[in-house]
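Coordinates only, no sequence provided:
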């Protein structure tokens, strides 16, 4: 047996389509999965497109949790059905599985959406505060230099400004995605200062990820992203046990994942469209 594979941690990474319109019959079928409190949250959005995206995000999460649960069951019929998942929210708003679903499935998850895509990570674990993801769409109208001093450490700012000007916007959104993924993993929201930790990207090594599915996508993802905690005297303290990964999808999107584990990660990446979602209905 390959011992490195036996001790590795499988991470299921789903890239889900949010841009394709869905009909009224489809919406009603998907809404049946949601308890009344979640339907109410979807309905609070004033714009129809925003309501549609909110519905899709919640339903993709339920369908794909069921898919992962079915794969790990000896009998797939024993997997939790999409309409049976229940969720809790931590003090700062991080969504997690309710204790009965967490104990039964052994899964943890995190999700993020931006523009046309939802990014969802699902893996095995007992600590909901161990996993965070973020996806960012590069925006040309963001005044990145006005934000640097407020949210980036001196180390990050200095490294960014040392780049040629045409590369600085890309680096800004790279760092922003990484910082968001770590904050989401910690579950503390903005109670955790964005200046209390920083990333170094100088030693990144890239590999190719293939998102298999209806519309296959290829992304690059970089490891050896170094995470440091900011010491009292400004020195960097390596964040033990944490791994952070930075990916790029097309030219416009980048994504990041932070996870507290010393195990080697094996990626299982899928591109999911609305038609695949409907197969779960």
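Great, that's in hand. What you see is a predicted model; the values in this text were computed from it and never measured. Numbers count the residues shown, from 1 in each chain.

quick one, strands of the stretch 101-250 of the chain?
Remark: strands assigned in the stretch 101-250 of the chain by DSSP state E, counting those that start in this stretch are 107-114, 117-124, 131-137, 197-200, 205-213, 217-230, 236-238, 242-249.

Would you reformat those strands as CSV and include distance to residue 273 and mean neighbour count?
From N, CA and C alone the C-beta is placed, and that goes for glycine too. Shown next, in CSV, are the strands of the stretch 101-250 of the chain (distance: least, CB to CB, whole Å; neighbours: other CB atoms under 10 Å):
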stretch, distance to residue 273, mean neighbour count
strand 107-114, 15, 22
strand 117-124, 11, 22
strand 131-137, 17, 23
strand 197-200, 32, 21
strand 205-213, 7, 13
strand 217-230, 11, 17
strand 236-238, 40, 13
strand 242-249, 15, 22
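
With mean pLDDT and distance to residue 23 added, can I get those strands in TSV?
Listed next are the strands of the stretch 101-250 of the chain as TSV, based on pLDDT from 0 to 100; distance: least, CB to CB, whole Å:
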stretch	mean pLDDT	distance to residue 23
strand 107-114	97	21
strand 117-124	97	19
strand 131-137	96	26
strand 197-200	94	43
strand 205-213	86	22
strand 217-230	84	25
strand 236-238	89	51
strand 242-249	93	28
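
Among the ones you listed, which comes closest to residue 160?
The closest of the strands of the stretch 101-250 of the chain to residue 160 is strand 197-200. By CB to CB, the value is 10.8 Å.

quick revisit: the strands of the stretch 101-250 of the chain into CSV, with extra columns for distance to residue 172?
Listed next are the strands of the stretch 101-250 of the chain as CSV, based on distance: least, CB to CB, whole Å:
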stretch, distance to residue 172
strand 107-114, 15
strand 117-124, 19
strand 131-137, 10
strand 197-200, 12
strand 205-213, 19
strand 217-230, 15
strand 236-238, 20
strand 242-249, 13
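
With respect to residue 143, which of these lies nearest?
That would be, of these and by CB to CB, strand 131-137, which comes in at 15.6 Å.

could you pull out the helices for the protein?
Ranges of helices in the chain, per DSSP state H, are 3-6, 24-31, 36-43, 48-72, 99-105, 144-151, 154-161, 165-186, 274-278.

Mean neighbour count added to the ones you listed, as a markdown table?
Output for those, formatted as a markdown table (neighbours: other CB atoms under 10 Å):
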| stretch | mean neighbour count |
| --- | --- |
| helix 3-6 | 8 |
| helix 24-31 | 14 |
| helix 36-43 | 13 |
| helix 48-72 | 19 |
| helix 99-105 | 15 |
| helix 144-151 | 13 |
| helix 154-161 | 16 |
| helix 165-186 | 20 |
| helix 274-278 | 17 |
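
These: lowest mean pLDDT?
Mean pLDDT values for these show the minimum at helix 3-6, a mean of 48.

Okay, and the beta partners of the residue most central in space within the chain?
Closest residue to the average C-alpha location of the chain: residue 133 at 2.6 Å, with CA atoms, centre = their mean. On the basis of DSSP bridges, residue 133 is bridged to residue 257.

ok, back up a step: wait, which of the strands of the stretch 101-250 of the chain is closest to residue 27?
Among the strands of the stretch 101-250 of the chain, the nearest to residue 27 by CB to CB is strand 117-124 (16.6 Å).

Now do the closest one: distance to the chain's middle.
Offset of strand 117-124 from its chain centre (CA atoms, centre = their mean, to the nearest Å): 5 Å.

State the pLDDT value of the nearest residue to residue 243 once chain neighbours are set aside.
Spatial nearest neighbour of residue 243, excluding adjacent residues (CB to CB, 6 or more residues apart in numbering): residue 259 at 5.5 Å. Note on residue 259: pLDDT of 95.
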